[in-house]
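Peer 1: sequence plus predicted model, see below.
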Number of protein chains: 2
Amino acid sequence: MKDFFKVNSPEAVAALRTRFRRMAAESVPLAETRGRILAQDIAADIDLPAFTRATMDGFAVRAASTFGASEGNPAYLEVAGAVSMGEVPDFTVAAGQAARISTGGMLPEGADAVVMIEHTAAIDDTMIEVYRSVAPGGHVIHAGEDFSRGQPALPAGRRLRAQETGLLAAFGKTRVQVFKRPEVAIISTGDEVVPVTEVPDAGKIRDINSYTLAAMVQAAGGTPHTYGIVADSYEDLRERISRAFAKCDMLLISGGSSVGMRDFSIQALSSLPHCRILVHGISISPGKPTILAEAEGRALWGLPGHVTSAMVVFQVIVRPFIEHVAGLDRPAATRKLPARLSRNLASAQGRTDYVRVRLTEKDGVLWADPILGKSGLINTMVQADGIIAIDVNSEGLDQGAAVAVWPL
Amino acid sequence: MKDFFKVNSPEAVAALRTRFRRMAAESVPLAETRGRILAQDIAADIDLPAFTRATMDGFAVRAASTFGASEGNPAYLEVAGAVSMGEVPDFTVAAGQAARISTGGMLPEGADAVVMIEHTAAIDDTMIEVYRSVAPGGHVIHAGEDFSRGQPALPAGRRLRAQETGLLAAFGKTRVQVFKRPEVAIISTGDEVVPVTEVPDAGKIRDINSYTLAAMVQAAGGTPHTYGIVADSYEDLRERISRAFAKCDMLLISGGSSVGMRDFSIQALSSLPHCRILVHGISISPGKPTILAEAEGRALWGLPGHVTSAMVVFQVIVRPFIEHVAGLDRPAATRKLPARLSRNLASAQGRTDYVRVRLTEKDGVLWADPILGKSGLINTMVQADGIIAIDVNSEGLDQGAAVAVWPL
């Protein structure tokens, strides 16, 4: 059976991503969690901090003892002791008293604030002058003020940055449940493609796509597995797809730009058990002939053979699918950047155009400068900082128009 | 000898980074280069593409044969043959002729453009109608048009993204010289700090900094090595620093917030052979007590003990040093993002204030929303998308002011 070329909008394709099965969780040591996606909800199982701490070096006091203090009229406080780091103070601070304390020290009983050392002077070992008043709670963090016991702290689906890792350390989580990284198989196709190790004969080119797609899979949080090059042969392609699909969570086939090969891809995908072609053609440029199939909850993609087209389709179409499968629920706020277009840009109606841009900052505004030159040139990707979309219904954008940039 | 507290501006500190020795180069397989910094200039050693290629499916023609063609007045061309992918065509295209060609196919001799298949119709196996004219060079990439042999392609110091890796693949570079990753040693200090595996006694806290700093070192392109916790003891600290320094390219000591420990850090660093204290205090908040020392061309840092302060200092002060040592010459265009401040923000003069912000996009503008709450709370870092600086001479910023955001 030969499918017709059913062209879908990129929005309709994006909506399909929730059909695909998310990865299972695995337990990893805390030190290896950077960039991973949390697979469990984390609640505070202790008060954080566990005790009321100083946030400045100075003196722990009752705030009321400093009220009205000034340079001209200092408060005189008796030194009741010194707090040792990591120790519970064995004395209390009464009205009119103060205790030496360092940042992170535990407030003695009776004290409710810290006067910064800069606002004090020692008269002798037993007495200080205080030149400024401090409010109750000043320069302290109360027990449980950061997180109180039982409070939700991190939801599953969050990508772990240094600060989330730090919070997990504070909770004593030496191992954490994160989603497994999706294993993504990559197959290059085409009679014209030769391995990178070879010097191509006339008419042939090296297999660039295996490398660019592998790097983009890594950047998206997946683990790439390359399955080499298949020449334009249905049987070989079918065998390679079956072999790769048996071991992966997602499959990317690039190339097959010849009409015959495109048919092979569709046929080979259709021949997999329970495989359904969901998308055959997207109303985008570049990337119109993109194929998306589903089998056993896993996505199989047919991407353009040309390297720059395959990269653009990956970044704007495929990547959100990998992130979904990888468990990501909250993309970074900097995933798309608002910018302004540096010059007028024409576009064909009836499709969404993706345009490479260079980013420059001027007077506090990010300007997106479209990169001239044929879109097939790798040079344009090397120069590019990001990609913008020109909407299907737009005939183009004016200089200064607001655009959203996917960083590359 | 006891140094005085010489407070430096963050700009003066940043200028010191070029004093530090860059990493040596190493050869790595192309598939492992993502995110690495190129340590060699790369010039094109071949024409790219090596032959003139079609960028669309269609017919290779002499452009002149199509001049004046339209729907109402099509050009009639004789089919001279079909280009096989990866093969050198064994025929030529004369005036009035056309050859079937797929994207990526080699243009036959005589042809200088490709007519898209959509703008043609087959009359029979030997003749086509063409409905649109094409200019010479239309829908082709000429030999050497992407990169011509000998042309500089990638400079040393560039971070390798997918597209740079792809370009290296096109040039057949199966191994690439990149800078070694800096090995960064991390030591936590303080009587109050216990390993993450322990339940802290009253007054003590878990060692969060080793985890947050390790994750930030990784994000900056370094390899972290944690050397555990040193209690407030000069001898122990000195021994641990010596041991760590023997094996690392940079050293981070966090903590020592007690006055005694701060002195220990300075003394222990000063006791290393040929070690000079370059910075003892920076006019920033948080992070004023930051220390920078130099020994044998390597940087040794004393960072604040409080986790949020240490993270801010790392991101705005330390990270550019790691990137310099790692060989980076061209930071990403998205390293700092222009945004507007969502509300008025007061600041003390005489120091640069770093403020955590949440980022939201509205009407094509990125708004930086300062995060309220005490700066010591880890919660504020978990909520933060980035950091902005308020200049030393500013008493604050007005709502709508242009700010530059370091993403976190």
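Peer 2: That came in fine, so what should we check first? Numbering: from 1, shown residues only, chains lettered A, B, ... in the order given.
Peer 1: chain A - how does it break down into domains?
Peer 2: Listed by automatic domain parsing, the domain ranges of chain A are A:10-23+A:181-325, A:25-48+A:145-179, A:53-141, A:337-407.
Peer 1: with distance to chain B as added columns, please give those in a markdown table.
Peer 2: For glycine as for every other residue, the C-beta is placed from the backbone atoms N, C-alpha and C. Shown next, in a markdown table, are these (distance: least, C-beta to the nearest C-beta, whole Å):
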| stretch | distance to chain B |
| --- | --- |
| domain A:10-23+A:181-325 | 3 |
| domain A:25-48+A:145-179 | 4 |
| domain A:53-141 | 3 |
| domain A:337-407 | 3 |
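Peer 1: pull the distance from stretch A:356-366 to the chain's centre.
Peer 2: Taking C-alpha atoms, centre = their mean, to the nearest Å, one finds the center of stretch A:356-366 at 22 Å from the center of the full chain.
Peer 1: ok, now which ones touch residue A:141?
Peer 2: A:49, A:52-53, A:55, B:374, B:376-377 (C-beta atoms under 8 Å, 6 or more residues apart in numbering or on different chains).
Peer 1: who's it bridged to?
Peer 2: With DSSP bridges as the criterion, residue A:141 is bridged to residue A:53.
Peer 1: so what pLDDT did it get?
Peer 2: In the predicted model, residue A:141 carries a pLDDT score of 96.
Peer 1: what comes up buried for stretch A:33-43?
Peer 2: A:33-34, A:36-39, A:42 (16 or more other C-beta atoms under 10 Å in any protein chain shown).
Peer 1: pLDDT of it, averaged?
Peer 2: Stretch A:33-43 comes out at a mean pLDDT of 97.
Peer 1: what's it in contact with?
Peer 2: A:25-26, A:28, A:150-162, A:164-165, A:167-168, A:171, A:173, A:176-179, A:181, A:221, A:326-328, B:215, B:218-219.
Peer 1: could you pull out the helices for chain A?
Peer 2: Assigned by DSSP state H, the helices in chain A fall at A:10-14, A:162-170, A:209-219, A:234-245, A:259-270, A:307-313, A:319-325, A:378-383.
Peer 1: tell me the contacts of the closest residue to residue A:346 other than its chain neighbours?
Peer 2: Distance criterion C-beta to C-beta, 6 or more residues apart in numbering or on different chains; nearest residue to residue A:346, sequence neighbours excluded, is residue A:396 at 4.1 Å. If you count contacts by C-beta under 8 Å, 6+ apart, residue A:396 has them with A:344-347, A:390.
Peer 1: which two among those residues are spaced furthest apart?
Peer 2: Among the contacts of residue A:396, the pair separated by the greatest distance (C-beta to C-beta) is A:344 and A:390, at 11.4 Å.
Peer 1: which ones are touching residue A:203?
Peer 2: A:192, B:51, B:85-88, B:105-106.
Peer 1: can you tell me which two in the residues you listed are farthest apart?
Peer 2: Those two in the contacts of residue A:203 that are separated most widely, counting by C-beta to C-beta, are B:51 and B:85, at 12.3 Å.
Peer 1: so residue A:294 touches residue A:270, yeah?
Peer 2: No: contact status for residue A:294 versus residue A:270: not in contact, 11.5 Å apart, counting by C-beta atoms under 8 Å.
Peer 1: so which of these two has more stuff around it?
Peer 2: Per other C-beta atoms under 10 Å in any protein chain shown, whichever of residue A:294 and residue A:270 has more neighbours is residue A:294, with 20 against 16.
Peer 1: in contact with the more buried one, which residues?
Peer 2: A:19-20, A:275-276, A:278, A:300.
Peer 1: rerun at 10 Å
Peer 2: A:16, A:19-21, A:269, A:272, A:274-279, A:300 (C-beta atoms under 10 Å, 6 or more residues apart in numbering or on different chains).
Peer 1: burial of residue A:71, as a residue count?
Peer 2: With other C-beta under 10 Å as criterion, residue A:71 counts 9.
Peer 1: that one against residue A:131, yeah?
Peer 2: Yes: contact criterion C-beta atoms under 10 Å: residue A:71 and residue A:131 qualify, at 5.1 Å.
Peer 1: need the overlap of contacts for these two.
Peer 2: Common contact partners of residue A:71 and residue A:131 (C-beta under 10 Å, 6+ apart): residue A:119.
Peer 1: shaky segments in chain A?
Peer 2: A:1-6, A:256-261 (pLDDT under 70).
Peer 1: if we can go back for a sec, reformat the contacts of residue A:203 as JSON lines; add distance to residue B:126.
Peer 2: Shown next, in JSON lines, are those (distance: C-beta to C-beta, whole Å):
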{"residue": "A:192", "distance to residue B:126": "26"}
{"residue": "B:51", "distance to residue B:126": "27"}
{"residue": "B:85", "distance to residue B:126": "22"}
{"residue": "B:86", "distance to residue B:126": "25"}
{"residue": "B:87", "distance to residue B:126": "21"}
{"residue": "B:88", "distance to residue B:126": "23"}
{"residue": "B:105", "distance to residue B:126": "20"}
{"residue": "B:106", "distance to residue B:126": "22"}
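Peer 1: filter the residues you listed to the buried ones?
Peer 2: Of the contacts of residue A:203, these count as buried by 16+ other C-beta under 10 Å: A:192, B:51, B:85-86, B:105-106.
Peer 1: so which of these would you say is closest to residue B:66?
Peer 2: Distances from residue B:66 to the buried ones among the contacts of residue A:203, taken by C-beta to C-beta, are shortest for residue B:105, at 18.3 Å.
Peer 1: look up how far residue B:86 lies from that closest one.
Peer 2: As judged by C-beta to C-beta, to the nearest Å, residue B:105 and residue B:86 stand 8 Å apart.
Peer 1: next: residue A:327.
Peer 2: 40 Å.
Peer 1: where's the residue nearest the centre of chain A relative to residue B:335, distance?
Peer 2: Taking C-alpha atoms, centre = their mean, the centroid of chain A lies closest to residue A:332, which sits 5.0 Å from it. Applying C-beta to C-beta, the value for residue A:332 to residue B:335 is 14 Å.
Peer 1: what does residue A:388 give?
Peer 2: 19 Å.
Peer 1: again with residue A:189
Peer 2: Relative to residue B:335, and taking C-beta to C-beta, residue A:189 is found at 37 Å.
Peer 1: between these two, point out the one with more neighbours.
Peer 2: residue A:189 (31 against 14).
Peer 1: quick one on the thing from earlier: from the buried residues of stretch A:33-43, pick the one nearest residue B:225.
Peer 2: Distances from residue B:225 to these, taken by C-beta to C-beta, are shortest for residue A:34, at 14.8 Å.
Peer 1: partner residues bridging the residue lying farthest from the centre of chain A?
Peer 2: In chain A, residue A:124 marks the outermost C-alpha relative to the chain mean, sitting 55.1 Å out by C-alpha atoms, centre = their mean. Under DSSP bridges, the beta-bridge partners of residue A:124 are residue A:127.
Peer 1: just to check, it is in contact with residue A:76?
Peer 2: No: counting by C-beta under 10 Å, residue A:124 sits too far from residue A:76 to count as a contact (11.3 Å).
Peer 1: tell me, how many residues neighbour the closest residue to residue A:402 other than its chain neighbours?
Peer 2: Counting by C-beta to C-beta, 6+ apart, residue B:364 is the residue found nearest to residue A:402 once chain neighbours are left out, at 2.7 Å. By the criterion of other C-beta under 10 Å, residue B:364 has 14 neighbours.
Peer 1: pull the contacting residues for residue B:364.
Peer 2: A:338-340, A:365, A:400-404.
Peer 1: torsion angles phi and psi at it?
Peer 2: phi 80, psi 10 (degrees, to the nearest 10).
Peer 1: could you report the distance from the residue nearest to residue A:324 when sequence neighbours are not counted to residue A:325?
Peer 2: Leaving aside its sequence neighbours, residue A:324 sits nearest to residue A:17 (C-beta to C-beta, 6+ apart; 4.5 Å). Distance, residue A:17 to residue A:325, by C-beta to C-beta: 8 Å.
Peer 1: just checking, what's the longest strand in chain A?
Peer 2: The residue-count maximum for a strand in chain A (DSSP state E) belongs to strand A:352-362.
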